[in-house]
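Participant: Build the 3D model from these lines:
(one chain, ligands or ions: 1)
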Amino acid sequence: MIRLFDTHYVREVQELDGMWSVTMENAEGQALPGEYNMPVPGCFEQHPQFLDFRGHAIYRRKVMVKNDGNVRLEFKGVSHTGDVFWDGEKIAHHYNAFTPFSVVLPKVKTGMHEICVRVDNTFGEHSALHVPNDYYTYGGITRPVAMETVSDVYLKQVHFTPKYVEGQWHAEVEILLENCSDKSVICEMEQYLSEENDVAEGTGGQTAECIQKTEKMQIGAGSEYRFTYTTVQLPDITPWSHGNPQLYYMTTLLKTNGKVTDDLIDRVGFRTVTVEGKHILLNGRPLYVKGFNRHEDYATVGCAIPLQLMVQDMDLMEAAGANAVRTCHYPNDERFLDLCDERGMLVWEENHARGFGLERMQNPHFEQQCEDCTREMIVTHYNHPSIFIWGILNECASETKEGREMYRRQYEQVRSLDQSRPTTSATCRHFTDICLDLPDVVSFNMYSGWYQDVDSGERNEEELEWIRKAGGENKPVIVSEVGAAALYGYRDRSHCKWSEERQCDILRENLKTYMSHPDISGLFVWQFADCRVTEEEWFPTRARCHNNKGVVDEYRRPKEGYDTVTEMFRKYWAEDEN
Ligand code: ADA
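Facilitator: Numbering: from 1, shown residues only. Here you go, the predicted model:
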């Protein structure tokens, strides 16, 4: 399942989940013996022979194209690099496990064809973002794949920006069409907004309202066509919020010669996120975030998390009283974002870069790979109402002049792609960071009581005073990470480090400090669940080669710390819940 709702009734879609045939090559590209059947989505580390394999996997499957026409392939995630071949011919190359990519093949003939994906999860200079790290880079086709049949002109993307002006909702809509044929095409377009996903073939559903009808447009051969319009004021809109996550289906229909030839359905919500002085405002009201940092990692499936386990994570976070999640440290599977939209779980989504000093940021591929990741994240996830803030560059070299330039360029890129959400970055360069003037919201990671035996209250005051002087004066502040490690089931009456008791002590003290402080707009507990880390570089400080700061372990068994967080989240439940 690619999304949690149908995104097309007209365009034909076939999901390519299932068993693919796989052969392996070592890191140097030499073929290894054997042929396997592996699941897609899936990580090859789940196969008993490849538990910590770094190299290449060649995935293949046959597909039947039922009619001559244009085929569009969409890969939601290949980890970490994918080269895609169609009947032996290379058609796409993509780097980064955590963003989707697609390719259109015009004029494909009816019959059987072969898709082959050469997957690479090796480390080296070619990979600036996937490096040995405090989480695991798995290998495989780790998110769903779909094959679609598209008309010559098809709907490539629709962006929806809700606006609230003088007590009325309206929206700015940007539509991108592409003509993948070699002749120009005349078409027209209609757009509907509906509470039910029931608009098909221009019939208009029971609850649908037509919000746009265009004149005929001529789209040149092989070209893209982009246009933007503002809807009329929309009456009777229920805004989206944490407490009442009302969603609407936005259906775009494309007509050629009076016949609907393509459609694109997305789900949207009406809400605004603004920053005013020290507050983040959701629909004009101050927002307080009580969240978890969550890695996409689960003991038995790696990063290829099936829907049922996503729902379990969501249920556990909700039951703890959380209203927010940070997708540390990369864009997430879109089904999880769909779930957040449905549940009213606010999302800090961030691009992919964790803990890089200057040397790593100066990898010749770093800036381009970040730029691609950020663009793909924002362009594809733009419509999710749950995303309330974009994050970049977790704990990178923000204390250096060269680093600052890269931060500056990245914020500029984010703002050029989306002006409707604030920006932030989680820093650990305490007292040395020279980038705090750049984001809209200042965020810091702090491990008082774990890495440093300091009083969290005193340490917090020092931090806030420094933030004020370092460019963060009069900006909202979020504590983006706070936590301590515990080994599941390890109890010790001395409350020594790594015991569940000590994790509770540290969480309780820190949460009390931050949640009762008037200048802090919220926090994200580090972390929701234990996750695997790369043995290389990380084993000395990471028992079991896991980051053990989860309040549930990698099988989602709650530690005592889960109850402590629940108790604190409920105790400090903001009166003005959004
Ligand atoms: C960081 C980092 C996390 C994790 C955490 C920890 O600040 O952002 O990815 O490594 O610290 O456990 O120390």
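
Participant: What does E412 show for phi and psi?
Facilitator: When quoted as degrees, to the nearest 10, the phi and psi of E412 stand at phi -60, psi -40.

Participant: now do T149
Facilitator: phi -110, psi 120.

Participant: and the closest residue to it other than its chain neighbours, backbone torsions?
Facilitator: The shortest distance from T149 to any non-neighbouring residue, by C-beta to C-beta, 6 or more residues apart in numbering, is to E12 (4.3 Å). In this view, the C-beta of every residue, glycine as well, is placed from N, C-alpha and C. Phi and psi for E12, reported as degrees, to the nearest 10, are phi -80, psi 130.

Participant: count of neighbours near E12?
Facilitator: By other C-beta atoms under 10 Å, the residues close to E12 number 13.

Participant: That one and the ligand: what is the separation?
Facilitator: 42 Å (C-beta to the nearest ligand atom, to the nearest Å).

Participant: ditto for C496
Facilitator: Noted for C496: a distance of 18 Å to the ligand, by C-beta to the nearest ligand atom.

Participant: thinking again about what came up before, please verify my assumption that the residue nearest to T149 contacts A146.
Facilitator: No. If you go by C-beta atoms under 8 Å, E12 and A146 don't touch, sitting 10.3 Å apart.

Participant: Need the overlap of contacts for these two.
Facilitator: Here E12 and A146 share no contacting residue, scored by C-beta atoms under 8 Å, 6 or more residues apart in numbering.

Participant: what residues are up against I211?
Facilitator: A171, V173, Q191, Y192, L193, T231, V232, L234.

Participant: Name the SS class of it, please.
Facilitator: At I211 the chain is in strand, as set by DSSP: H, G, I helix; E, B strand; the rest coil.

Participant: From the ligand, how far out is it?
Facilitator: For I211 relative to the ligand (C-beta to the nearest ligand atom), the value is 42 Å.

Participant: which one is S194 nearest to, not counting chain neighbours?
Facilitator: A208 (3.9 Å).

Participant: How about the contacts made by the one you found?
Facilitator: A208 neighbours (C-beta under 8 Å, 6+ apart): Y192, L193, S194, E196, D198, V199, T251.

Participant: Go ahead and confirm the third one touches C210.
Facilitator: It stands for S194. No. With contacts counted by C-beta under 8 Å, S194 stays clear of C210, the gap being 9.9 Å.

Participant: Of those two, which one has the most company?
Facilitator: S194 (20 against 15).

Participant: Can you name the residues that contact that one?
Facilitator: Applying C-beta under 8 Å, 6+ apart to S194 gives the contacts G205, T207, A208, E209, Y248, Y249, T251.

Participant: Might one say that the fourth one is in contact with Y192?
Facilitator: Yes. In terms of C-beta under 8 Å, E209 counts as a neighbour of Y192; the distance is 6.5 Å.

Participant: Who has more neighbours out of those two?
Facilitator: Using other C-beta under 10 Å as the criterion, E209 and Y192 rank with Y192 on top: 25 against 17.

Participant: tell me the angle the helix or strand where the more buried one lies makes with strand 209-213.
Facilitator: Counting by DSSP states H and E, the element that carries Y192 is strand 185-194. Per axes from the mean of the first three to the mean of the last three C-alpha atoms, to 10 degrees, the angle that strand 185-194 makes with strand 209-213 is 150 degrees.

Participant: Flag every residue of the stretch 1-150 of the chain that's near the ligand.
Facilitator: With C-beta under 6 Å from any ligand atom as the criterion, the stretch 1-150 of the chain meets the ligand at residues D134.

Participant: Off-centre distance for the strand or helix carrying V379?
Facilitator: Using DSSP H and E, V379 falls within helix 366-381. From the chain centre to the centre of helix 366-381 is a distance of 11 Å (C-alpha atoms, centre = their mean, to the nearest Å).

Participant: what's it packed up against?
Facilitator: For helix 366-381, the packing partners by 3 or more C-beta pairs under 8 Å, 6 or more residues apart in numbering; DSSP states H and E come out as helix 334-343, strand 387-391, helix 401-417.

Participant: Name the residues of the last one that come out as buried.
Facilitator: The neighbour-count check on helix 401-417 (16 or more other C-beta atoms under 10 Å) flags G403, R404, M406, Y407, Q410, Y411, Q413, V414 as buried.

Participant: so who does the second one touch?
Facilitator: Which is R404. R404 is in contact with S398, I434, C435, L438, counting by C-beta under 8 Å, 6+ apart.

Participant: what's the pLDDT at it?
Facilitator: Predicted confidence (pLDDT) for R404: 98.

Participant: cool, V268 as well?
Facilitator: 98.

Participant: And the helices in this structure?
Facilitator: Taking DSSP state H, the helices of the chain run over residues 307-319, 334-343, 358-361, 366-381, 401-417, 456-467, 500-515, 535-538, 560-571.

Participant: who in this protein is up against the ligand?
Facilitator: Counting by C-beta under 6 Å from any ligand atom, the chain sits next to the ligand at D134, R354, G355, N394, E395, C428, N445, E481, W526, N547, K549.

Participant: In PyMOL, select just the buried ones from those residues.
Facilitator: To isolate the buried subset of those in PyMOL, counting by 16+ other C-beta under 10 Å, use the following:
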select buried, resi 134+354+394+395+428+445+481+526+547+549
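
Participant: from this protein, which residue is nearest to the ligand?
Facilitator: D134 (3.7 Å; C-beta to the nearest ligand atom).

Participant: That residue and C373: what is the separation?
Facilitator: Plainly put, D134 is 18 Å away from C373 if you go by C-beta to C-beta, to the nearest Å.
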